[in-house]
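>>> I would like to see how this sequence folds:
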Amino acid sequence: MVVGELTSEDVDHLFHALSDATRRDILRRCGTGEPSVSRLADVYPMSFAAVQKHVAVLERAGLVTKERRGREQLVRTAPHAVSRARSVLDELETAWRARVDRMAGLLADDPLAR
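Numbering: from 1, shown residues only. As a prediction, this is how the structure comes out:
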């Protein structure tokens, strides 16, 4: 399945990244600023390495980018990151609505369905 310029693998990475509550929270925090990975690690009850892994999953999905500034790695939401997920969902919704409409039409034409 190719959605826009996203491959099936891209879509898998995107929704895998969004499937975890911690990663969604990191994404939300990065939308309001550019926290460092170490600052993010202070927020969660997990190790620094675990937060780094969450950030790496978000980065692989194209939802965040990291920039090294001195000794810190700043994390920011990638431009249009969430709109990519929305466009994938919109495309899926369009496909399913078309299927439902076709089924409704078939049922309307079927004398046994009345």
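>>> can you map out the strands along the protein?
Using DSSP state E, the strands of the chain run over 64-69, 72-77.
>>> As CSV, these with mean neighbour count would be great.
Glycine gets a C-beta too; all of them are placed from N, C-alpha and C. Shown next, in CSV, are those (neighbours: other Cβ atoms under 10 Å):
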stretch, mean neighbour count
strand 64-69, 15
strand 72-77, 18
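>>> Tabulate those strands (CSV), appending mean pLDDT and distance to S38.
Listed next are the strands of the chain as CSV, based on pLDDT from 0 to 100; distance: least, Cβ to Cβ, whole Å:
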stretch, mean pLDDT, distance to S38
strand 64-69, 93, 12
strand 72-77, 94, 7
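>>> May I see those strands arranged in JSON lines, with distance to A98 as well?
Shown next, in JSON lines, are those (distance: least, Cβ to Cβ, whole Å):
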{"stretch": "strand 64-69", "distance to A98": "34"}
{"stretch": "strand 72-77", "distance to A98": "32"}
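>>> Could you check the angle the lowest-mean-pLDDT helix or strand in the chain makes with strand 64-69?
Lowest on mean pLDDT, DSSP states H and E among the helices and strands of the chain sits helix 81-109, with a mean of 85. Orientation of helix 81-109 against strand 64-69 (axes from the mean of the first three to the mean of the last three Cα atoms, to 10 degrees) gives an angle of 180 degrees.
>>> just to revisit the earlier point, which among the strands of the chain is found nearest to P45?
With distances scored as Cβ to Cβ, the stretch of the strands of the chain nearest to P45 is strand 72-77 (18.7 Å).
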